[in-house]
Every structure is written in structure tokens, then in C-alpha cells.
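Colleague: fold the following, please.
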Amino acid sequence: MAEATMTKVKIQPLGDRVLVKPTETTETKRGGIIIPDSAKDKPQEGVIVACGKGKVTEEGKVLPMDVKVGDKVLYEKYGGSEIRLNDEELMIMHQDSIVGVLAK
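Modeller: Numbers count the residues shown, from 1 in each chain. Next up is the predicted model:
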């Protein structure tokens with residue numbers, strides 16, 4: 001459908017896959033304790049920057065995607081593969097790994 005123009009990357013996910021840019025979380029310090037990066041959880045929230053056309057059934061019918069470019073989504077903790085393109089961290093995952101779309 002749409003190429004990843006927000007990230008200045010030319011990549012098109014196939015099938016029911018999406019390309020997600022994880023959102024940066026702000027670090028909060030409580031009681032003067034600083035948590036090192038290695039102990040922090042990875043974000044499970046991001047913005048879709050590219051979508052595939054949809055899942056193809058055994059009959060050859062294409063099921064449309066439930067999400068679109070620009071949607072802010074929540075995804076499973078280990079739901080995708082991390083990739084690095086143009087010094088940018090991105091996630092590529094199946095649409096099934098997305099658990100919800102955040103309201104705007």
C-alpha cells in the first residue's frame with residue numbers, strides 16, 4: 001500500500017506484515033534510582049510507517065489490513081523482528097502481533 005516515507009526508507013512489507021517505528025519512552029527517575037538501558041523493557045508502542053497489501057487466503061483472496069500507515073499501535077512484547085535501516089530502529093511484524101490501535 002504505502003512505502004515507508006516517514007522513515008526515509010524504501011521498503012514494502014509483504015502480505016500481512018507491517019513496519020513499525022517504536023515510540024521513545026521518557027525515562028522517569030524515582031527516588032534517585034537510575035535504571036540502566038540493559039534492564040529496561042523495550043517499548044511495545046509505535047507508529048505504523050508501512051503496510052503490506054493483506055493476508056492471502058488459500059483461495060487467493062486478499063484479506064484487507066485492519067491497520068493503516070500513521071496508526072499508533074500496541075504490539076506484543078516479542079511480536080516482531082528488530083531491523084535497523086538508515087540508523088533507525090524499526091520493527092517488522094505480522095498484523096496478528098498488533099493487539100490494539102490507540103485512539104487519536
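Colleague: so who does Leu14 touch?
Modeller: Each residue near Leu14 by Cβ atoms under 8 Å, 6 or more residues apart in numbering is listed here: Gly52. (Glycine included, C-beta is placed from N, CA and C.)
Colleague: any low-confidence regions in the chain?
Modeller: Applying pLDDT under 70 to the chain flags residues 1-9, 25-43.
Colleague: can you tell me which residues contact Gly15?
Modeller: Counting by Cβ under 8 Å, 6+ apart, the residues that Gly15 touches are 52-56, 94.
Colleague: try 7 Å
Modeller: When contacts are counted by Cβ atoms under 7 Å, 6 or more residues apart in numbering, Gly15 touches 52, 55-56.
Colleague: any idea how far Lys77 is from the spatially most central residue of the chain?
Modeller: Nearest residue to the geometric centre of the chain (Cα atoms, centre = their mean): Val20, 2.3 Å. Val20 is 13 Å from Lys77, where distance means Cβ to Cβ, to the nearest Å.
Colleague: using ChimeraX, make a named selection holding only the buried ones among the contacts of Gly15.
Modeller: In ChimeraX, this line selects whichever of the contacts of Gly15 come out buried by 16 or more other Cβ atoms under 10 Å:
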select :52,55
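Colleague: for the contacts of Gly15, which one is nearest Leu85?
Modeller: Gly52 (16.6 Å; Cβ to Cβ).
Colleague: how about the nearest residue to the closest one once chain neighbours are set aside, what does it touch?
Modeller: Nearest residue to Gly52, sequence neighbours excluded (Cβ to Cβ, 6 or more residues apart in numbering): Pro13, at 4.2 Å. Applying Cβ under 7 Å, 6+ apart, we find Pro13 in contact with 19, 50-52, 92.
Colleague: repeat that with 6 Å
Modeller: 19, 50, 52 (Cβ atoms under 6 Å, 6 or more residues apart in numbering).
Colleague: what does it show for phi and psi?
Modeller: phi -60, psi 150 (degrees, to the nearest 10).
Colleague: how near is it to Val69?
Modeller: As judged by Cβ to Cβ, Pro13 and Val69 stand 11 Å apart.
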